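**Student:** Sequence first, then the predicted structure:
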There are 2 protein chains.
Amino acid sequence: MRNLLVAQSGGPTSAINATIAGVIMEAHASDQVDTIYGAVNGIKGVLEERFVNLSEKVPGEDELEILCQTPAAALGSCRVKLKNPAEDDSQFQEIIRIFRKHEIMYFIYAGGNDSMDTVDKLAAYCKEYKIEDIHVMGAPKTIDNDLVGTDHCPGFGSAAKYIATTFSELERDCHVYDTKAVTIVEVMGRNAGWLTAASALARNNGAAGPSLIYLCEPAFSVESFLDDVKKKLEQQDSVLVAISEGIKDKNGVYISEQVQSGAVDNFGHSYIAGSARVLEDIVRREIGCKVRSIELNLMQRCASHIASKTDIQESKMLGMTACRCALQGKSGLMASVERLGSHPYQVRYTAVPVCEVSNQEKKVPDDYINEAGNDVTEKMMEYLKPLIHGETEIIYENGIPKHLYLY
Amino acid sequence: MRNLLVAQSGGPTSAINATIAGVIMEAHASDQVDTIYGAVNGIKGVLEERFVNLSEKVPGEDELEILCQTPAAALGSCRVKLKNPAEDDSQFQEIIRIFRKHEIMYFIYAGGNDSMDTVDKLAAYCKEYKIEDIHVMGAPKTIDNDLVGTDHCPGFGSAAKYIATTFSELERDCHVYDTKAVTIVEVMGRNAGWLTAASALARNNGAAGPSLIYLCEPAFSVESFLDDVKKKLEQQDSVLVAISEGIKDKNGVYISEQVQSGAVDNFGHSYIAGSARVLEDIVRREIGCKVRSIELNLMQRCASHIASKTDIQESKMLGMTACRCALQGKSGLMASVERLGSHPYQVRYTAVPVCEVSNQEKKVPDDYINEAGNDVTEKMMEYLKPLIHGETEIIYENGIPKHLYLY
């Protein structure tokens, strides 16, 4: 028997299940795979032998379609990093034992930085011990878009489309009153500002979009921020601000940590607020106008009802690519998207050594951010625009999107 | 000349522009209206004579369609209550003078409680002074669904569909890890829990949906809440809680006000948190598991990309009804939906005296809430289900929904 195992790891996205769908499609299409298994809760579920039979759970087109529009990780996730095998290889021995028991020859792991670390270590372990009939491949996934070795990451385009649409709707909402008001919207991203930059896509059809955009890469100055907001308030009633969760001052201290450290409640417990909430209080105090903060929170990573068609298609293709590589006997690689051009948008699917990807972060380059550090450049817009292109045809039942349950 | 003026007031919704579209369609179809005007920023814009010519701005089908999918109030809004004419009728004299100047015979005002108060006062003023050629009609609008005299309100169904979909997506997102975690989601509604109840619609296709639902009508007990959460945590890993913004204790004090009154930051400024945020801190302190709070914030009222088709159609019909009544010489009424049945769902459009509607609130009845006060009953589900039925076919351009700009 030659079986295949697929698993998911890291934070959920709207597109990660399309990668699983791609793996299943490619495995089905080949004559090299007998049974397709999914591990529940990532590598943790592998170690606990919690497997579901995907050949049975996803038998045909209909289930594949619903799987692609199901948000989050349909196989569950985990945040487990394997130990360094040089120090303790018991986890690796156990994984290989379990693979042998279930006759698993192909293992595809979809996830972000930490997951690619798992792929890297496991493939290296197999290589070192000359386990040549087990092939380990990675598939990229992260809304943060911070993986190196790929033009962009599955999940990012759909989150970007949600953010662009939501900013365009929020702009309309905030515009209805003719009084001075500031709305500060916090977007996910502790170390990379890609998602916050996607707010600029609300300008795609000529609308003003966010008035100011602060990514987490440049040092954030509260003084400059207040100056920027005051200037905008002189020109317009409603000022809509996009900020990264992870904005930091010039010393690298998160704005959120910095400002609120002394805030305590009746019981002496300190409050932990987001960066938007902290800036809301500063604007109220220093400018005194109406101000509101909004966190896009988990919605930005799970709003699959407004997924990007481009993103879902690419996620599927990356799953297929990862599976194909494994079936070809490759190991220790991550499926990747290479952009051939933006006009027209063209990509090709390839694979890169996962050791070049794991434990690294792709930050926003300087020339994607304007000089004042309060907006993005045309270069960023060029990069982002194709990624939110197209709408998936969501299947609804009783007024809400249909989802597939695998466990 | 016989001109018509339409305006919007109160909080924005995803459906209020469909009401304007309905007014325009009905006015176009009749031979009684020469020019259709829109006042910018509601009655405030009327008093300031800030009018746009809707006959020019919305000339045909294409613009009407985009208007219907545009969120918030395309004509802007205001939060102005007219003075009591018995004490000071200068505003009313001014409105009539402006109406005469622009030859306005028909005035349609779409909004909530306060807006219906404006319709009521203006219609009564016209009646008292025998101004028989000016006809004033109201059209209901509020995501809160708290207007009396109508089975439900335009805007509510779309907000409910957003909430149902978002809870079904959040449930998937929160389910991916196999660790104990509580997610508390705050839904709008200071005095009426209708919107929070809509979270239960995430169960429509067999999913568990929110584990616990607390509306603002029953007295909220922090002790019972903690007991409920603890019990759920014994049964499952992920506990998803829906709570109304306006949950209050048995003395009618908002939970948010009550708990955090002593919280101050470094500068001595007090923090004002939402009810979910307050409960998050309580769960962290008293239970100690992973906990997160989420505010659906403005997104729940402006996410027109996932509007309910039923809601948008009804909103349009209510605009048409309000316009037709005005053209028939009626005044001082609010267009209203009467439900004839839920199986199959059938409604008829009618109009009710606006004096019976203004300054009142429709709260959730007792038998729509379960005895423990932590969920809704089947009666509520029956009421809610048809309102989120159907999807509007949104027109996208460059990856985001198209919107219409009227000023």
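**Tutor:** Arrived safely. Residues are numbered from 1 along each chain as shown, chains lettered A, B, ... in the order given.
**Student:** from here on, contacts and neighbour counts on C-alpha atoms
**Tutor:** OK.
**Student:** If we ignore the residues flanking it in sequence, what's nearest A:Gln69?
**Tutor:** A:Ser304 (6.1 Å; CA to CA, 6 or more residues apart in numbering or on different chains).
**Student:** OK, contacts around A:Ala351?
**Tutor:** A:Thr321, A:Ala322, A:Cys325, A:Leu333, A:Met334, A:Ala335, A:Ser336 (CA atoms under 8 Å, 6 or more residues apart in numbering or on different chains).
**Student:** how about those, which pair is most distant?
**Tutor:** Farthest pair in the contacts of A:Ala351 (CA to CA) is A:Cys325 and A:Ser336. Separation: 11.5 Å.
**Student:** How about the stretch 101-250 of chain A: which residue is closest to chain B?
**Tutor:** Taking CA to the nearest CA, chain B has its nearest neighbour within the stretch 101-250 of chain A at A:Val176, 4.0 Å off.
**Student:** How much space separates that residue from B:Asn41?
**Tutor:** Distance, A:Val176 to B:Asn41, by CA to CA, to the nearest Å: 7 Å.
**Student:** which residues are common contacts for these two?
**Tutor:** By CA under 8 Å, 6+ apart, the residues touching both A:Val176 and B:Asn41 are B:Leu75, B:Gly76, B:Ser77, B:Cys78.
**Student:** Low-confidence ranges, chain A, go.
**Tutor:** Counting by pLDDT under 70, chain A contains low-confidence ranges at A:258-272.
**Student:** Now do the helices in it.
**Tutor:** Counting by DSSP state H, chain A has these helices, from start to end: A:16-29, A:42-47, A:54-57, A:61-68, A:90-101, A:113-128, A:156-175, A:194-197, A:222-235, A:255-260, A:275-286, A:299-302, A:309-327, A:378-384.
**Student:** Dump the fifth one to PDB, keeping only the CA atoms.
**Tutor:** The C-alpha atoms that make up helix A:90-101 are tabulated as PDB, following Å, rounded to 0.1, in the frame of the first residue of the first chain:
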ATOM      1  CA  SER A  90      12.200  10.400  19.800                       C
ATOM      2  CA  GLN A  91       9.400  12.400  18.100                       C
ATOM      3  CA  PHE A  92      10.900  11.600  14.700                       C
ATOM      4  CA  GLN A  93      11.300   7.900  15.500                       C
ATOM      5  CA  GLU A  94       7.600   7.900  16.500                       C
ATOM      6  CA  ILE A  95       6.400   9.600  13.400                       C
ATOM      7  CA  ILE A  96       8.300   7.200  11.200                       C
ATOM      8  CA  ARG A  97       6.900   4.300  13.200                       C
ATOM      9  CA  ILE A  98       3.400   5.600  12.700                       C
ATOM     10  CA  PHE A  99       4.000   6.300   9.000                       C
ATOM     11  CA  ARG A 100       5.200   2.700   8.600                       C
ATOM     12  CA  LYS A 101       2.200   1.300  10.400                       C
END
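**Student:** Count the residues that sit near A:Asp367.
**Tutor:** Here the count is done by other CA atoms under 10 Å in any protein chain shown, and A:Asp367 has 12 residues near it.
**Student:** again, but for A:Ser336
**Tutor:** Neighbours of A:Ser336 (other CA under 10 Å): 31.
**Student:** just the one 5 residues further on next, same as before
**Tutor:** Using other CA under 10 Å, A:Gly341 is surrounded by 10 other residues.
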